[in-house]
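Novice: kindly return the folded structure for what I paste below:
(chains A, B, C and D)
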Protein chains: 4
Amino acid sequence: MTSGGDAAGMNPAIKCTVDYSRMLGYKPYLVHNGLRGLIDDNIEEAKSSDVSGILHRGGTILRSSRSKRFFEYEHRQQAYENLQKHGISKLIVIGGDGSFRALNQFYSDFKVPFAGIPATIDNDIPGTDYCLGVDTALNMIRQNVDSIRDTASSFSRAFVIETMGRHCGYLAMASAVTSGAEVCLVPELEYDLEAIQKRLQKDIDNGRQFLIAIVAEGCQMGDYLTRWIKDKLKMDARLTILGHIQRGGSPTVRDRLMAFKFGIAAVDSLHRGETNKIMVYKSGSYSTVPIHELAGQTAGIDPVLVEICKPLCR
Amino acid sequence: MTSGGDAAGMNPAIKCTVDYSRMLGYKPYLVHNGLRGLIDDNIEEAKSSDVSGILHRGGTILRSSRSKRFFEYEHRQQAYENLQKHGISKLIVIGGDGSFRALNQFYSDFKVPFAGIPATIDNDIPGTDYCLGVDTALNMIRQNVDSIRDTASSFSRAFVIETMGRHCGYLAMASAVTSGAEVCLVPELEYDLEAIQKRLQKDIDNGRQFLIAIVAEGCQMGDYLTRWIKDKLKMDARLTILGHIQRGGSPTVRDRLMAFKFGIAAVDSLHRGETNKIMVYKSGSYSTVPIHELAGQTAGIDPVLVEICKPLCR
Amino acid sequence: MTSGGDAAGMNPAIKCTVDYSRMLGYKPYLVHNGLRGLIDDNIEEAKSSDVSGILHRGGTILRSSRSKRFFEYEHRQQAYENLQKHGISKLIVIGGDGSFRALNQFYSDFKVPFAGIPATIDNDIPGTDYCLGVDTALNMIRQNVDSIRDTASSFSRAFVIETMGRHCGYLAMASAVTSGAEVCLVPELEYDLEAIQKRLQKDIDNGRQFLIAIVAEGCQMGDYLTRWIKDKLKMDARLTILGHIQRGGSPTVRDRLMAFKFGIAAVDSLHRGETNKIMVYKSGSYSTVPIHELAGQTAGIDPVLVEICKPLCR
Amino acid sequence: MTSGGDAAGMNPAIKCTVDYSRMLGYKPYLVHNGLRGLIDDNIEEAKSSDVSGILHRGGTILRSSRSKRFFEYEHRQQAYENLQKHGISKLIVIGGDGSFRALNQFYSDFKVPFAGIPATIDNDIPGTDYCLGVDTALNMIRQNVDSIRDTASSFSRAFVIETMGRHCGYLAMASAVTSGAEVCLVPELEYDLEAIQKRLQKDIDNGRQFLIAIVAEGCQMGDYLTRWIKDKLKMDARLTILGHIQRGGSPTVRDRLMAFKFGIAAVDSLHRGETNKIMVYKSGSYSTVPIHELAGQTAGIDPVLVEICKPLCR
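Specialist: I've put the predicted structure just below:
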């Protein structure tokens, strides 16, 4: 099942877990509509045709949802009865840490083991350096920033571009660095607008004709920075909120490869008799981490990227 | 020179007019920064290297601008003196009808003949069915709408997508039809929200899980429609404003081909001794129209497209 | 039904004809596998779900085929009996002129009226300036030529690129012009290798470091020209045959719009009681032409494009 | 300087090394045309404008070359004298292991320290899991394979697709797995055509209508396999050689990020006073390896990928 915000790479992960678990002798099922589908019994045995031709499709064919009902015991019990009815004894969930915690609670109640595959474009799941969907999101952003750069450079204009990322500025930082943006504001890094003003004014005096600033949604600085540029730098400025454009698109090769590796690892984890493990990619190697170890942790950002990004905050 | 809002296809048009005018024995110059550059003498002879490798680049290498100073006689006189100094006797301007009217005034003052090449992604220049930049803009929109559709279909959600187009709904209409949107609101067509509600509610009752609505900027309905969907259809809804993403991107083959045809026609028009002509593509053939014939006209939209679009407004 | 080589734009045309014919009160059917499916009764009533979500997909969901059996009366009689059985009285075929002639013969035999929608990336169907699939093919070629240009310019190297087009050089010509190629060889235009050699040698002496030549498949000059460049110009040269890459890809907006217009026109033609008409786009307007008028004609190429292309042949 | 076959990611690496070395107080120079430029003194101080706006461009703005002259002492001496003249005391080379070995020899002769940044789409440089250009190449292949799949599925046809990779099947393996190919032949893995035939025949008997086979250039099996499919499986089959299409294209975000990390590491390596070190990314961390340690090694392929790929070889 897939749960939480959708991300490119979910479909390849679905295909891989279905194919590989069947290869190991299991009988895989598909849960539609996430946690809600678990409660409402949108569950059916996986047919080959369900997962053929889905590798290159964005989003999730299983659909996702957020479900408040799952917080209540009676609905979790309903979910458990549905699983019992189908003879389903193990779960694989592709989603974010909210979904993992929900299934952890479900395990406490009914002892249904599960394995979690991290997927969210925000790249903010603790314990793993990579979540499915991030590479595709970054490349969608890249195409749009490249397009905006065409128009910015044609018109002596500043563009403020807001990426997704409520608590985590990874998308904004990686996009700013790789698109050559002049400014980057993210929740993790302090910024010094006065210093930025001095730096940019000097550039403008030296002939700079346009500029690109990338801000993470979580900073809530898009509108302010746009007006600030007009006021302080006397430059025409526009705000572009990329929004849900970032979520979709055919998964990149990297997201497909990661989906295969996480998918195989998740099936193997359950096959070995483990439970409540999250698949992680940390410092270049794949492993599994018990969900309780992630509690209270926050996702860290690659320190090299942070260093490269710092000059863009001041 | 390029003038007004930038559009994909301007660079191929620049290359073509430079190369072709030189082939006919002229000595081409480049005016940088649009009308402002005419006043400030940002003018230089065109070198081969200036226009090589620009066919595939979005925006305009000559940069564009809007200039209020050009409304004043003294600045136009300055512009005229600049042209005199360089020995420039004819102008080709790639831009919108505001720029054409400005050069028409310039002709009244100083008798400098010009030819105009229509370029604007809004497709709202009277007299021509096609303006440079439209096809590239439509395909940029397509890619983003396809991406949003991935996420909409994964999450039982409505998306309202706002395209550019202040007075002209062409981009919105063509995008709605070709992306299979359920709703399309444009300034040209009356819409009936009550009828739309009934139609969509019936679809939802029959199992529709997501929907896409495309609205033209000029309707100013983006915010309203998003709330309306939440209220009336009880569906989670999000607004995406595509904004300047639509302007950029490598020109499509169609925009490059049209740029060549308009470019050759413009040089030929001046070569034949004509003046104040706008290059147009009308009912499938290329011709030139005196600018005064366009006064007071508004751009018409393909009636077949309008017919296909009507069911999306009610 | 779709027939002959597949082309982007077939799916939007299928969707449009199904939706629009149903709107007029007809009961549409889908013939799978082209002419072969007509004989083998791969025919079923069109459901809404069959044509939803197909607008953005390349190729044809109905699959296509070439069938020699259809040349024989007995198999055509079988096809006729199949249609009778389903109560099908009119046909719409999306394909090339071979398919149109086959259905013309079928009409002679059994008086089943049909309408033809031109679709082939070669753009070689007589009577129409545009065939579905051409714009998408051109943009697929563009992306790949742009990519090859990166590597050519990085390495002082010549690239010979072969496009599809057995008898018609349209793809090669439009690609050469819009990608700034230095050489273009097509079946329609005479070329003068000696003149080309002199021209390129002069460019190389003036500093040219790389070159791109585009040749149509029908010239059978790919291998020869590659060796010729090595021999005569002493430049490292490589041949790239684009092949079937050109056929696929999500249909561009232009191909989707044309598909809608052709689709509506085809349904309208049959609805008016016409038969054996081909939908054409000629000099900017849409009309229908009786198939017998196309006999013996060959497709003409836009004379402006030919003029722009001529300097690349000598 | 860049040397050897060009790869996407070279331009971001150039930009990063220039900017970062200047930040540390160095005066960076650009060597044009690779080793040949070193001999012919195509060397000039790097200006800011040389490296602005190059992040998103494929290939290398410095051009590359292969030079046999560099094998001879007298030409290396010439190169040394050129460097002396400019006051250049350290070199950064972006390229493959042939280039690294050449500079190692150069160091033996004249004690000019260098740092090497691995860049080649073949991903076959020993000691590192990643070379610049690989991710972009994989995504170019993906787009073309997705396009070919459209046409294969529309026409009941097999496609054999040949990727680059003389000794290393990485591109073919990663592409086969992530595109859902049915067959993959690479130099590293034994294949069993008889087993493949049985497996595919069974699939065809169960309704499979098309198939995709991906083969690495180094196997030299493209032609053979295409005929083999026609003979043994009685399926229409076509060969597509992707060729140099794979090299170009705007660098993906991953290639840009890796370019920054390798670039910073290379400058740091020289800054620390090291010499003859190659930047590597191994098991998820970045480090430097003395070039002599790489002698005799061959590049290993990710064992998980190999496992996933094995079922496609038999």
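Novice: could you measure from the residue of chain A found nearest chain D over to B:Pro303?
Specialist: Closest contact between chain A and chain D, by Cβ to the nearest Cβ, is at A:Gly284 (0.8 Å). C-beta: built from backbone N, CA, C; applies to glycine. As judged by Cβ to Cβ, to the nearest Å, A:Gly284 and B:Pro303 stand 60 Å apart.
Novice: those two: which has the busier surroundings?
Specialist: More crowded of A:Gly284 and B:Pro303, by other Cβ atoms under 10 Å in any protein chain shown: A:Gly284, with 13 against 8.
Novice: quick one, what contacts the more buried one?
Specialist: Contact analysis of A:Gly284 by Cβ atoms under 8 Å, 6 or more residues apart in numbering or on different chains lists D:Asp129, D:Tyr281, D:Lys282, D:Ser283, D:Gly284, D:Ser285.
Novice: reformat those as a markdown table; add pLDDT and secondary structure.
Specialist: A markdown table is the format used below for the contacts of A:Gly284 (pLDDT from 0 to 100; DSSP: H, G, I helix; E, B strand; the rest coil):
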| residue | pLDDT | secondary structure |
| --- | --- | --- |
| D:Asp129 | 92 | coil |
| D:Tyr281 | 94 | strand |
| D:Lys282 | 89 | strand |
| D:Ser283 | 82 | coil |
| D:Gly284 | 82 | coil |
| D:Ser285 | 84 | strand |
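Novice: of those residues, buried ones?
Specialist: Neighbour-count burial (16 or more other Cβ atoms under 10 Å in any protein chain shown) is assigned, among these, to D:Asp129, D:Tyr281.
Novice: and the helix or strand hosting A:Asp135, anywhere near chain C?
Specialist: If you go by DSSP states H and E, A:Asp135 is part of helix A:134-155. No. Using Cβ under 8 Å from any Cβ of the partner chain, helix A:134-155 stays clear of chain C, with a minimum separation of 12.5 Å.
Novice: gap between the helix or strand just after that helix and the chain center?
Specialist: The first helix or strand that comes after helix A:134-155 along the chain, using DSSP H and E, is strand A:158-163. Relative to its parent chain, strand A:158-163 has a centroid offset of 20 Å by Cα atoms, centre = their mean, to the nearest Å.
Novice: contact partners of strand A:158-163?
Specialist: So strand A:158-163 is contacted by A:141, A:144-145, A:148, A:151-152, A:171-172, A:175, A:181, A:210-217, A:222, A:225-226, A:229, A:233, A:235-242, A:246, B:244 (Cβ under 8 Å, 6+ apart).
Novice: just the ones in helices from those residues, please.
Specialist: In helices, defined here by DSSP state H, the members of the contacts of strand A:158-163 are A:141, A:144-145, A:148, A:151-152, A:171-172, A:175, A:222, A:225-226, A:229, A:233.
Novice: now list the buried members of those residues.
Specialist: Buried among the ones in helices among the contacts of strand A:158-163 by 16+ other Cβ under 10 Å: A:141, A:144-145, A:148, A:151-152, A:171-172, A:175, A:222, A:225-226, A:229, A:233.
Novice: filtering the residues you listed by proximity to chain B, which remain?
Specialist: Subset of those in contact with chain B: A:Asn144, A:Ile148, A:Thr151, A:Ala152, counting by Cβ under 8 Å from any Cβ.
Novice: what does the stretch 1-150 of chain A put close to chain D?
Specialist: Residues of the stretch 1-150 of chain A lying near chain D (Cβ under 8 Å from any Cβ): A:12, A:15, A:52-53, A:55-56, A:129, A:135, A:138-139, A:141-142, A:146, A:149.
Novice: closest to chain C out of the buried ones among the ones in helices among the contacts of strand A:158-163?
Specialist: Closest to chain C, out of all of those and judged by Cβ to the nearest Cβ, is A:Asn144, at 17.2 Å.
Novice: OK, contacts around the closest one?
Specialist: Neighbour list for A:Asn144: A:Ile161, A:Thr240, A:Leu242, A:Ile245, B:Asn144, B:Ile245 [criterion: Cβ under 8 Å, 6+ apart].
Novice: quick one, which of these are buried?
Specialist: Buried by 16+ other Cβ under 10 Å: A:Ile161, A:Thr240, A:Leu242, A:Ile245, B:Asn144, B:Ile245, out of these.
Novice: thinking again about what came up before, I'd like the average pLDDT over the helix holding A:Asp135.
Specialist: Averaged across helix A:134-155, pLDDT comes to 93.
Novice: what angle separates that helix from helix D:134-155?
Specialist: With axes from the mean of the first three to the mean of the last three Cα atoms, to 10 degrees applied, the angle from helix A:134-155 to helix D:134-155 works out at 100 degrees.
Novice: gap between helix A:134-155 and the chain center?
Specialist: How far helix A:134-155 lies from its chain's middle: 19 Å, per Cα atoms, centre = their mean.
Novice: now swap in stretch A:295-303 and tell me
Specialist: The answer for stretch A:295-303 is 14 Å, by Cα atoms, centre = their mean.
Novice: mind listing what's buried along that stretch?
Specialist: Quick answer for stretch A:295-303 (16+ other Cβ under 10 Å): A:Ala299, A:Ile301, A:Asp302.
Novice: and these, which is closest to C:Arg314?
Specialist: Ranked by distance to C:Arg314 (Cβ to Cβ), the buried residues of stretch A:295-303 are led by A:Asp302 at 56.0 Å.
Novice: hmm, A:Tyr130 and the closest one touching each other?
Specialist: No. Between A:Asp302 and A:Tyr130 there is no contact under Cβ atoms under 8 Å: 10.3 Å.
Novice: make CSV from the residues of the stretch 1-150 of chain A next to chain D and add distance to B:Pro118 to it.
Specialist: CSV is the format used below for the residues of the stretch 1-150 of chain A next to chain D (distance: Cβ to Cβ, whole Å):
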residue, distance to B:Pro118
A:Pro12, 45
A:Lys15, 48
A:Ser52, 47
A:Gly53, 43
A:Leu55, 43
A:His56, 38
A:Asp129, 50
A:Asp135, 40
A:Leu138, 37
A:Asn139, 34
A:Ile141, 32
A:Arg142, 31
A:Asp146, 26
A:Arg149, 25
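Novice: which of the residues you listed sits closest to B:Ile204?
Specialist: B:Ile204 has its nearest neighbour among the residues of the stretch 1-150 of chain A next to chain D in A:Gly53, at 27.3 Å by Cβ to Cβ.
Novice: list the contacts of the closest one.
Specialist: Here A:Gly53 is in contact with D:Ser153, D:Gly180 (Cβ under 8 Å, 6+ apart).
Novice: follow-up on the earlier one: run the angle between the helix holding A:Asp135 and strand A:158-163 for me.
Specialist: Using the same axes, to 10 degrees: helix A:134-155 against strand A:158-163 is 170 degrees.
Novice: for helix A:134-155, output the C-alpha coordinates as CSV.
Specialist: Extracted in CSV, the C-alpha atoms of helix A:134-155 (Å, rounded to 0.1, in the frame of the first residue of the first chain):
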residue,chain,number,x,y,z
VAL,A,134,13.2,13.4,-4.5
ASP,A,135,15.3,12.9,-7.6
THR,A,136,12.3,13.3,-9.9
ALA,A,137,11.1,16.3,-8.0
LEU,A,138,14.5,17.9,-8.3
ASN,A,139,14.6,17.4,-12.0
MET,A,140,11.0,18.8,-12.5
ILE,A,141,12.2,21.9,-10.6
ARG,A,142,15.3,22.1,-12.7
GLN,A,143,13.3,22.1,-15.9
ASN,A,144,11.0,24.9,-14.7
VAL,A,145,13.9,27.0,-13.2
ASP,A,146,15.7,26.7,-16.5
SER,A,147,12.6,27.9,-18.3
ILE,A,148,12.2,30.8,-15.9
ARG,A,149,15.9,31.7,-16.3
ASP,A,150,15.2,32.2,-20.0
THR,A,151,12.6,34.8,-19.3
ALA,A,152,14.5,36.4,-16.4
SER,A,153,17.6,36.9,-18.5
SER,A,154,15.5,38.3,-21.4
PHE,A,155,13.9,41.0,-19.3
